[in-house]
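Engineer: from the sequence below, what's the structure:
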Amino acid sequence: MTQNSSEPQESLIAPQPIPAGAKTFSKRVHALLDGQPKDEATVRKALEGMDEMFDLIAAGLYTLASMLAGEGEESIRLVETAVATTEVSACEDPVEGRRSSRRTLAAAALKLLAEREPGCLAAPEGAKEAKGCIEGDDLKAAGVSSEELENMIAGPDRDRVRRWLASLPTAPRTVFVLRAVAGFTTAETVALLAAHGGEKAAGWTANAVSETFRQGLCSLASQVVRSRG
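Structural biologist: A predicted model of the protein is given here:
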């Protein structure tokens, strides 16, 4: 399905297609927001037949949550938080609704990480360039196609990528997931880290996020090269 042109395109991976039925789902949800009280039966009838869409939304959010905070109950609670607190007025547009729910989940996940390990999302002091691998977030320069990267994150090789992510320190892993998986721009990633990553995360800059992300891409590229061998 053709993507909404309003969705930011800075991510190196093409945005995932909006599932069939998402627009219908969004319209039904938005129609419930007319300011009038609704009983449970009315809501249930309005969303009848939408169970598969709910499952898709929850599964996508859990994938993001688990990459940020790990598998288990904490990530399930992050999904519940995102579903319960996402700005529902954005849901009329399924693309913006998806971004809004991801933003809400990411904010909650960053708070969780900062509480779990204070200082783990601290801004780096003097981010160093990842020279000799990727220039300007150019995957082709590292010998990796966007399709290959997408397949590693969402395809049959995702378990290997999860193990690789788990081996990274918290800050690089978080930056990589926010940029490559959630699809946030550099500016959005800076804002999320500064607002929700704890006191020591206030110093993140666009350059620091870019270089940290680039280093992650270099590390992932080496994984791709080894897998080809």
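Engineer: what's the helix or strand in which Leu193 is found in contact with?
Structural biologist: Using DSSP states H and E, Leu193 sits in helix 186-196. Helix 186-196 is contacted by residues 8, 10, 103, 106-108, 110-111, 114, 121, 123, 174-175, 178-179, 184, 201-206, 208-210, 213 when judged by Cβ atoms under 8 Å, 6 or more residues apart in numbering. (C-beta placed from N, C-alpha, C; glycine too.)
Engineer: need the helix or strand of this protein with the lowest average pLDDT.
Structural biologist: The least trusted helix or strand in the chain, going by mean pLDDT, DSSP states H and E, turns out to be helix 22-31, with a mean of 54.
Engineer: so where is this structure shaky, pLDDT-wise?
Structural biologist: The chain contains residues with pLDDT under 70 at 1-56, 86-94, 126-146, 149, 153-154, 224-229.
Engineer: domain-wise, how is it divided?
Structural biologist: Per automatic domain parsing, the structural domains of the chain span 22-116, 140-228.
Engineer: identify the residues contacting Ala82.
Structural biologist: Here Ala82 is in contact with Leu61, Ala65, Ser101, Arg102, Thr104, Leu105, Ala108 (criterion: Cβ under 8 Å, 6+ apart).
Engineer: in helices only, show me these.
Structural biologist: Leu61, Ala65, Ser101, Arg102, Thr104, Leu105, Ala108 (DSSP state H).
Engineer: what is the nearest of those residues to Val79?
Structural biologist: If you rank those by distance to Val79 using Cβ to Cβ, Leu61 comes first, at 4.6 Å.
Engineer: list the contacts for Ala108?
Structural biologist: Leu78, Thr81, Ala82, His196.
Engineer: let me have those in CSV, extended by distance to Arg163 and secondary structure.
Structural biologist: Shown next, in CSV, are these (distance: Cβ to Cβ, whole Å; DSSP: H, G, I helix; E, B strand; the rest coil):
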residue, distance to Arg163, secondary structure
Leu78, 21, helix
Thr81, 27, helix
Ala82, 25, helix
His196, 26, helix
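Engineer: I'd like to know which of those is nearest to Pro169.
Structural biologist: For these, the nearest to Pro169 is His196 (18.1 Å; Cβ to Cβ).
Engineer: let me know how buried Trp204 is, in neighbour terms.
Structural biologist: 24 (other Cβ atoms under 10 Å).
Engineer: what's the answer for Pro118, then?
Structural biologist: Pro118, neighbours per other Cβ under 10 Å, totals 12.
Engineer: how much space separates the nearest residue to Thr81 once chain neighbours are set aside from Met67?
Structural biologist: Nearest non-adjacent residue to Thr81, counting by Cβ to Cβ, 6 or more residues apart in numbering: Ala108, 4.8 Å away. From Ala108 across to Met67, the span is 14 Å (Cβ to Cβ, to the nearest Å).
Engineer: go on, Gly197?
Structural biologist: 16 Å.
Engineer: circling back to that earlier point, and the contacts of Ala108, which is closest to Leu220?
Structural biologist: Of the contacts of Ala108, the one sitting nearest to Leu220 (Cβ to Cβ) turns out to be Leu78, at 23.9 Å.
Engineer: what is the burial count for that closest one?
Structural biologist: Neighbours around Leu78, by other Cβ under 10 Å: 25.
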